[in-house]
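Asks: Show me how the following folds:
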Amino acid sequence: MSFDRERLPDPISYFESEGLKLTGRGAWRTTACRFHDGSDSMRINTKTGGWCCMACNAKGGDVLAYHIEAHGLEFIDAAKALGAWIDDGKPAQQHKPSPLSPRAALQVLAAEGNLVAIAAGNVARGVALADTDLARLMTASNRITRLVEAFA
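Replies: Down below sits the predicted model:
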C-alpha cells in the first residue's frame, strides 16, 4: 500500500467539488474560507493545490492537506477518499494504533508540557505545590508518557 501524489484530483476540479467558487485569473484564485466562514479570504493555487486564508491563516500545500483539514481525516483516510492510496497487494506496515491524531497529540503535549514547565518554575522559586496541583501535575506527566509510548 502506498500514496501516489499523481492520483490526486486536479486542484480546480477538487475545490469546485467541495462547493467553493473560485474567482479571478492566473495561478492564484480567491474563494471563501470554510475554516472561519469568511468570504473571499482564501487563496488557492490552481497549479499545485496549495491554499492559504489571509484572515485565519489556515494553509496547506495541496488538495490532500485541504481534505484532511476540512473533513478531519487522517492522512491515509484522506488519500483513500481522493483516490491517491494504492493497494498494491503488499501488507500494510503494522503499527500501534494511537488514541489521538498526531495533530491532537501535539496539542495535548503542548498543553501538558506548559503545565509541567509552570509547576517546575514555581518549585524552583520555592513555591510548594498544593495537593490538587500535585495531582494535576501527575496527570499531565502520565498523559505525556502515554502519548510518547503511543507514538514511539
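Asks: CA only for contacts and neighbour counts going forward, please
Replies: Fine.
Asks: any idea where the helices of the protein begin and end?
Replies: 11-17, 63-71, 75-81, 102-124, 131-151 (DSSP state H).
Asks: Those into TSV, with extra columns for distance to residue 42, mean neighbour count and mean pLDDT?
Replies: Compiled in TSV, these are given as follows (distance: least, Cα to Cα, whole Å; neighbours: other Cα atoms under 10 Å; pLDDT from 0 to 100):
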stretch	distance to residue 42	mean neighbour count	mean pLDDT
helix 11-17	11	16	95
helix 63-71	12	19	94
helix 75-81	21	17	92
helix 102-124	22	14	89
helix 131-151	33	14	85
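Asks: for those helices, which one sits closest to residue 47?
Replies: Across those, the minimum distance to residue 47, taken as Cα to Cα, is reached by helix 11-17, at 6.8 Å.
Asks: Who are the packing partners of that closest one?
Replies: Applying 3 or more Cα pairs under 8 Å, 6 or more residues apart in numbering; DSSP states H and E, we find helix 11-17 packed against helix 63-71.
Asks: The same query, at a cut-off of 10 Å, please.
Replies: strand 28-33, strand 38-45, helix 63-71 (3 or more Cα pairs under 10 Å, 6 or more residues apart in numbering; DSSP states H and E).
Asks: for the record, mean pLDDT for the second one?
Replies: For strand 38-45, mean pLDDT rounds to 92.
Asks: Only C-alpha atoms, please: export that strand in PDB.
Replies: The C-alpha coordinates for strand 38-45 follow below in PDB (Å, rounded to 0.1, in the frame of the first residue of the first chain):
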ATOM      1  CA  GLY A  38     -15.000  34.200   5.800                       C
ATOM      2  CA  SER A  39     -15.900  35.300   2.300                       C
ATOM      3  CA  ASP A  40     -13.200  35.800  -0.300                       C
ATOM      4  CA  SER A  41     -10.300  35.500   2.100                       C
ATOM      5  CA  MET A  42      -8.900  32.100   0.900                       C
ATOM      6  CA  ARG A  43      -6.300  32.000  -1.900                       C
ATOM      7  CA  ILE A  44      -5.900  28.800  -3.900                       C
ATOM      8  CA  ASN A  45      -3.100  27.900  -6.300                       C
END
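Asks: Which positions in that strand come out as buried?
Replies: 40, 41, 42, 43, 44, 45 (16 or more other Cα atoms under 10 Å).
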